[in-house]
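*Asks:* Below are the sequence and a predicted model for it; my questions follow.
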Amino acid sequence: MKTRFVLCALLAVAFWSCDTIPEDEYLLIDDSTPTYQGTGHRILLEEFTGVKCNNCPAASLEAKRLQSIFGKENVIIIGIHAGNLATTDEKHPKAFNTPEGTELFNFFQLFGVPVGFVNRLDYDEGTIIKAEGDWRNIIPSELERLPVAEINLIEDSYNAGTRELTVNGLIEVLDTADGIPANTNIAIYLTENNIISPQTMGDKSVNENYEHNHVLRGSFTGTYGESVDLSGGSANFSESISLPQDAVKENCEVVAFIYNSDNYEILQVNALKLN
């Protein structure tokens, strides 16, 4: 009951806030503040964005705020740069668009940014696309669901010369699972934090020292991942990727998720920070 009271109090602050609040006034949980204790079922928030999108910094702040409320271990973010606002020009020398991000943008028929997916819910209903104002309404109830599986990740090896990174992992079906879809895929993405590069801001100015985080840099398994057989209760995997030449390994994370390939709903996700 005490945990639920803390959660309700935090949600009240979250719902009362608006996107125009300066970043330094956003609710950030520190070590002295009780954090939300979830069920183990995690959220993947796929945030579609672009360096020339003036509304995208506010959406990124909202994603950061929700992650602060519910914990980085419970809400995992991927910033997917795609669309016509994720292109370079004189003021934006880097755009961070990737083949995978562009493929997702086109496949899900997105028409602009910022928008997002919360565990890719509601594809069948045609409402998979969620505006930033919707995220705060969906995440709390989604986090109350019982986890159907766990994904464990470890960094197996890294070759500094070739920049090839290999990760190993284990997917385990949990007792709480009421069946795992027969058509399940695993997808593994690479993201990077702390990238300083120009971004158009809400007032149309360009912040040349903007910090981009959770930026999708590539995929170990392709855009849609690979089929995985969990009928036996578990499955091991090992995948490799060559890090982009401009990527800083220590700023990167590996995000692995399993999803129902019939309706794209994400069943579980986990992230591994690289050293």
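*Replies:* Arrived safely. Numbers count the residues shown, from 1 in each chain.

*Asks:* CA only for contacts and neighbour counts going forward, please
*Replies:* Noted.

*Asks:* now the strands: where do they sit in the stretch 1-150 of the chain?
*Replies:* 43-49, 75-81, 115-118, 149-159 (DSSP state E, counting those that start in this stretch).

*Asks:* In JSON lines: the ones you listed, plus distance to residue 238, mean neighbour count and mean pLDDT.
*Replies:* Below are those laid out as JSON lines (distance: least, C-alpha to C-alpha, whole Å; neighbours: other C-alpha atoms under 10 Å; pLDDT from 0 to 100):
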{"stretch": "strand 43-49", "distance to residue 238": "21", "mean neighbour count": "25", "mean pLDDT": "98"}
{"stretch": "strand 75-81", "distance to residue 238": "21", "mean neighbour count": "24", "mean pLDDT": "98"}
{"stretch": "strand 115-118", "distance to residue 238": "26", "mean neighbour count": "23", "mean pLDDT": "98"}
{"stretch": "strand 149-159", "distance to residue 238": "9", "mean neighbour count": "17", "mean pLDDT": "98"}
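
*Asks:* what angle separates the helix or strand encompassing residue 272 from strand 75-81?
*Replies:* Assigned by DSSP states H and E, residue 272 falls within strand 266-273. Here the directions of strand 266-273 and strand 75-81 differ by 80 degrees (axes from the mean of the first three to the mean of the last three C-alpha atoms, to 10 degrees).

*Asks:* helices or strands up against strand 266-273?
*Replies:* strand 43-49, strand 75-81, strand 149-159, strand 252-260 (3 or more C-alpha pairs under 8 Å, 6 or more residues apart in numbering; DSSP states H and E).

*Asks:* Just the C-alpha atoms of the third one, please, in PDB.
*Replies:* This points to strand 149-159. The C-alpha trace of strand 149-159 is given here as PDB (Å, rounded to 0.1, in the frame of the first residue of the first chain):
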ATOM      1  CA  ALA A 149       9.400 -13.600 -20.000                       C
ATOM      2  CA  GLU A 150      12.700 -12.300 -19.000                       C
ATOM      3  CA  ILE A 151      15.600 -11.300 -21.200                       C
ATOM      4  CA  ASN A 152      19.100 -11.500 -19.800                       C
ATOM      5  CA  LEU A 153      22.000  -9.800 -21.700                       C
ATOM      6  CA  ILE A 154      25.700  -9.900 -21.400                       C
ATOM      7  CA  GLU A 155      28.500  -8.300 -23.400                       C
ATOM      8  CA  ASP A 156      30.500 -11.300 -24.700                       C
ATOM      9  CA  SER A 157      33.300  -9.600 -26.600                       C
ATOM     10  CA  TYR A 158      34.500  -6.400 -28.400                       C
ATOM     11  CA  ASN A 159      37.300  -6.000 -31.000                       C
END
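
*Asks:* what residues does it touch?
*Replies:* Applying C-alpha atoms under 8 Å, 6 or more residues apart in numbering, the external contacts of strand 149-159 come out as 164-174, 177, 256-257, 267-272, 274.
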